[in-house]
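Student: Task: produce atomic coordinates for the following.
(one chain, ligands or ions: 2)
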Amino acid sequence: MLVKPTNNVSSNGTHLVEDSTAAQELPADLSEPPKRWRNGTATLRVALLVNLARNAPPTHHNAPSDILAELDADKNVEAYAAAMRAHHHEVLIQEGNARLAEWLEKVQPDICFNTCEGFGGESREAQVPALLEMLGLPYSGPGPLAAALTHDKPTTQRVLYCYGLPVPPFQQFNSPNDLLNPNLHFPLFVKPAHEGTGMGIRNDSIVRDERRLREQVAYIIKAYRQPAMVEAYVEGKDITCGLVGNGNDVHFFPITEVDFSGYPADLEPIYGVQQKVDYADYYRNKCPAPLGEQLTNEIRRLTHQVFLVTGCRDFARVDFRLTDDGQPYVLEINGLPGITPVSDLTLMAEAEGWTHGDLVRAVLDAALKRYGFSR
Ligand SMILES: Nc1ncnc2c1ncn2[C@@H]1O[C@H](COP(=O)(O)OP(=O)(O)OP(=O)(O)O)[C@@H](O)[C@H]1O
Ligand SMILES: [Mg+2]
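Tutor: Ligands and ions are numbered 1, 2, ... in the order given. The predicted model follows:
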């Protein structure tokens, strides 16, 4: 049973929160297999947690057109559910919003399949994992720490840099007037500090002088209400590497290289929101990317390192730029990568003969195995 803390207001007006810990049940013992398996049936009750664009709260005045690009659509949710139902799991779908705790208490799932990007806030991807952790429920994907970390590009790059992993030189701008680090040389690349799906990434992201840099930083801070991430612009190939699993027990999918030749000629060769969303039908790729064995292994090694040091779980996708002389730079790790029927991760899984359903189930199975629930 969940116990809500009671808010009291003292005589001097300060808020007192009653300590309700004594009344709270401890989180479920996660070393125990789910009840339904213990009862001898093979099916699980899976809570499929989603954030649909159609349920998004109203956006702020003058919000950019791509502000909802990270949120999901019904047809994708149906595909995740179908994949798990095909393996005889009972799947109950719920919006990951402020009423989630109440719903979970009623439904009592064995495990949650979390796809929630969050509707807003600087650590929006960490909100549902934090709630699930508090409730002691098993769930797929990153925990709150890894979700918050990997959602924030400057903080992630600081961590990767500390581990000696190759990241482009970068600087976080909290204001358009911040002093420019003299070690950063043009061209530079400007993007929101914590977004995904190429949001805020367009031709204008490449800046070639200080005037344009400050304009673009000012735009990102105002439109997306967050700091701007400024990186050295890495000329080269766009490479992405995905995996499922945990620890050293991981499966790498074939590495993908984005082929920019299908997009309109006036678009720069960057994988921004126009390429990902507006011109999604023009997408072409090379999968497996023709990198040769040595470079393929190196990209996989780096992907695995990034996955481990950021504390991601069950699946992830690491994006790179690869220079013409073969130097990879980590751009980011997607701790909760898109897993729709047309997401990059799905396409790379399909390139080696998996179906979308196989991928969804592999993520669920990785989570179940991590909790020790293997059959
Ligand atoms: N420093 C850089 N140098 C060159 N290109 C870059 C750089 N940073 C980003 N890009 C381009 O922008 C694209 C998107 O960048 P990034 O992966 O950081 O954004 P995202 O919105 O988080 O993406 P995702 O859809 O994977 O969540 C990259 O694939 C690359 O084409
Ligand atoms: Mg990316």
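Student: Which stretches in the stretch 151-300 of the chain count as strands?
Tutor: For the stretch 151-300 of the chain, applying DSSP state E, counting those that start in this stretch gives strands covering 170-173, 188-192, 206-207, 228-232, 237-246, 249-252, 256-259, 284-286.
Student: And the residue of this protein that's closest to ligand 1?
Tutor: Relative to ligand 1, the nearest point of the chain is residue 196 (3.1 Å; C-beta to the nearest ligand atom). In this view, the C-beta of every residue, glycine as well, is placed from N, C-alpha and C.
Student: Isn't that residue up against residue 335?
Tutor: No - proximity of residue 196 to residue 335 does not meet the contact threshold set by C-beta atoms under 8 Å, at 10.0 Å.
Student: Among those two, which residue is more densely surrounded?
Tutor: More crowded of residue 196 and residue 335, by other C-beta atoms under 10 Å: residue 335, with 28 against 21.
Student: ok, now which ones touch the more buried one?
Tutor: 125, 141-142, 146-147, 149-151, 310, 312, 316 (C-beta atoms under 8 Å, 6 or more residues apart in numbering).
Student: Also residue 341?
Tutor: Residue 341 makes contacts with 76, 79, 356, as judged by C-beta under 8 Å, 6+ apart.
Student: Quick check on the residues you listed: which are buried?
Tutor: Burial by neighbour count, 16 or more other C-beta atoms under 10 Å: within the contacts of residue 341 this picks out 76, 79, 356.
Student: Contact partners for the first one?
Tutor: With contact taken as C-beta under 8 Å, 6+ apart, residue 76 is in contact with 340-341.
Student: try it again with 6 Å
Tutor: residue 340 (C-beta atoms under 6 Å, 6 or more residues apart in numbering).
Student: Kindly report the residues of the stretch 151-300 of the chain close to ligand 1.
Tutor: Proximity of the stretch 151-300 of the chain to ligand 1 (C-beta under 6 Å from any ligand atom) is limited to residues 168, 189, 191, 195-199, 201, 231, 233-234, 238, 270-272, 276.
Student: Run through this protein and note the low-pLDDT ranges.
Tutor: Within the chain, the stretches with pLDDT under 70 are 1-42, 374-375.
Student: Can you list the buried residues in stretch 82-97?
Tutor: Using 16+ other C-beta under 10 Å as the test for burial, stretch 82-97 gives 83-84, 87, 89, 91-97.
Student: Got the domain ranges for the protein?
Tutor: Domain segmentation of the chain under automatic domain parsing yields 7-140, 159-164+235-370, 169-232.
Student: So residue 102 belongs to a helix, correct?
Tutor: Yes - if the criterion is DSSP: H, G, I helix; E, B strand; the rest coil, then residue 102 is within a helix.
Student: distance of it from residue 94?
Tutor: Residue 102 is 10 Å from residue 94, where distance means C-beta to C-beta, to the nearest Å.
Student: before we move on, what about residue 242?
Tutor: 26 Å.
Student: just residue 254 next, same as before
Tutor: Residue 254 is 34 Å from residue 94, by C-beta to C-beta.
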